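[1] here's my sequence, what's the structure:
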Amino acid sequence: MSHGKIREDKTCLNCGHQVEERFCPHCGQENIESRHPFYFLFTHFIEDFTHYDGQFWGTLKNLLFKPGNLTNIYLEGKRQKFVPPVKLYIFVSFITFFMFALFPFDISFGDRDDPKDTDKAGFFENMTSSEVKKVIDSIKTKPHLTAEDSLSIKTLSAFADSTQKGIKHSLKMDNKIDADINVNGYNNRKSYDSAAAKNPSSLDFIQIPLTHKFFELKEKGVTKAEILRNLTEKSFHNLPKALFIYLPLFAFFLWIFHSKKKWWYFDHGIFTLHYFSFLLLNVLFVFLLGKLISFSNIGSVNILLYLVMSALLIYSIAYFFIAHRRVYHAHGLVSIIIGMALFTVNFFAFTLLVAGLAMVSFLMIH
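    Predicted coordinates for the structure are as follows:
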């Protein structure tokens with residue numbers, strides 16, 4: 001694979017050895033021109049991650065369709081054929097969260113008082129009235145509308161409007177935090193701090209910062225919708241950090257449930273990197289399918305996309321059990337029991353991590 005024009009000078013720029021062909025036999029550096037046009041930065045980046053003389057596409061194929069195969073091959077010592085686990089995870093993380101940033105979540109609540117939302121329906125409005133709107137549009141496509149068609153359009157439109165207003169009113173997302181809402185009977189920070197000083201608790205390190213933030217937002221008059229938007233945004237930005245923190249914990253649980261003599265923590269780390277890379281790709285596919293559904297107005301197509309999303313979610317769970325059995329070579333029943341135990345432990349541990357992430361995100365709201 002070529003990344004640039006070969007230099008006429010056969011002296012390696014890196015170590016000074018003679019280079020007979022493209023690569024230096026001493027240090028391995030490619031003997032190409034050191035100066036390139038600006039676009040080379042992007043083409044070089046893409047080539048590095050999509051070619052690897054077939055490494056990338058072979059890695060992707062095995063990762064998606066052959067659970068546990070990449071881990072087995074790597075632990076056998078065959079480490080030049082596929083992309084290294086750490087590099088794979090970093091690249092997949094970058095692509096996944098780049099796509100999230102490119103197509104951000106729509107957390108609008110149809111607040112028509114906000115000029116930014118005047119031309120688009122809110123998130124909950126789309127969820128409650130999209131099907132009704134499709135029926136109305138299908139009626140309007142008729143070349144000649146009868147009196148019954150006109151009546152149907154009026155009735156369905158009134159139903160959609162009442163549904164939107166009812167849900168919006170019930171959620172009260174455009175309202176500020178009610179003045180009578182309190183924390184353990186205290187309506188302001190001063191009274192709460194006074195009580196906390198008299199009756200300290202072992203959980204004060206969590207409760208006090210969260211309560212202070214609550215009273216701060218209450219005094220500023222922040223609406224519920226603004227809080228939820230900010231909480232979602234902050235949580236999204238903190239998610240990559242949370243996943244990175246959880247990697248060694250996931251590997252630690254694997255280490256606990258398997259033989260310490262046969263399996264080293266390093267081996268569990270490789271399995272974890274491959275599995276999390278698969279999960280990130282799966283999340284990306286589900287996210288993109290969800291975006292396609294939001295843009296599509298064809299019912300049959302949306303049903304098909306929902307089925308594909310459901311299949312991907314089921315496959316992500318089955319993938320772990322298949323990969324676990326193939327890598328750790330446990331018997332069927334033993335593998336299932338250990339897999340279920342690991343799945344349960346990780347579910348609760350990750351739930352705690354998500355709760356912690358939500359609290360940190362809440363404290364970051366301004």
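[2] run through the helices of this structure in chain order.
    40-50, 55-65, 69-75, 85-102, 123-140, 147-171, 189-198, 204-220, 224-257, 265-295, 299-328, 332-363 (DSSP state H).
[3] which one of the ones you listed lies nearest to residue 18?
    Across the helices of the chain, residue 18 has its closest neighbour in helix 40-50 (25.3 Å, CB to CB). Just so you know, the C-beta spots here come from the backbone N, C-alpha and C atoms, and that holds for glycine as well.
[4] what mean pLDDT does the closest one have?
    Taken as a whole, helix 40-50 carries a mean pLDDT of 62.
[5] off-centre distance for stretch 198-218?
    30 Å (CA atoms, centre = their mean, to the nearest Å).
[6] from residue 93, how far off is the residue nearest the centre of the chain?
    The centroid of the chain falls nearest to residue 283 when counting by CA atoms, centre = their mean (5.8 Å). Distance, residue 283 to residue 93, using CB to CB, to the nearest Å: 11 Å.
[7] repeat that for residue 225.
    Per CB to CB, residue 225 is found 30 Å from residue 93.
[8] which one's more surrounded, those two?
    residue 225 (21 against 16; other CB atoms under 10 Å).
[9] and the pLDDT at the more buried one?
    At residue 225, the model reports a pLDDT of 72.
[10] same thing with the one 10 residues further on?
    Looking at residue 235, its pLDDT stands at 71.
[11] please name the nearest non-neighbouring residue to it.
    Using CB to CB, 6 or more residues apart in numbering and skipping the chain neighbours, the partner closest in space to residue 235 is residue 361 (4.3 Å).
[12] hmm, the one you found is touching residue 241, no?
    No - counting by CB atoms under 8 Å, residue 241 is not a contact partner of residue 361; they are 11.0 Å apart.
[13] so between these two, which is more surrounded?
    residue 361 (19 against 11).
[14] any low-confidence regions in the protein?
    Counting by pLDDT under 70, the chain contains low-confidence ranges at 1-4, 34-54, 105-139, 142, 145, 147-149, 151-182, 236-237.
[15] show me what contacts residue 227?
    217, 365 (CB atoms under 8 Å, 6 or more residues apart in numbering).
[16] ok, it to residue 215 distance?
    In this view, residue 227 and residue 215 are 13 Å apart by CB to CB.
[17] and the residue nearest to the centre of the chain, how far from residue 99?
    Using CB to CB, residue 283 is found at 10 Å from residue 99.
[18] equivalent analysis for residue 80, please.
    29 Å.
[19] neighbour-wise, which of those two wins?
    Set residue 80 next to residue 99 and count neighbours by other CB under 10 Å: residue 99 wins out with 14 against 9.
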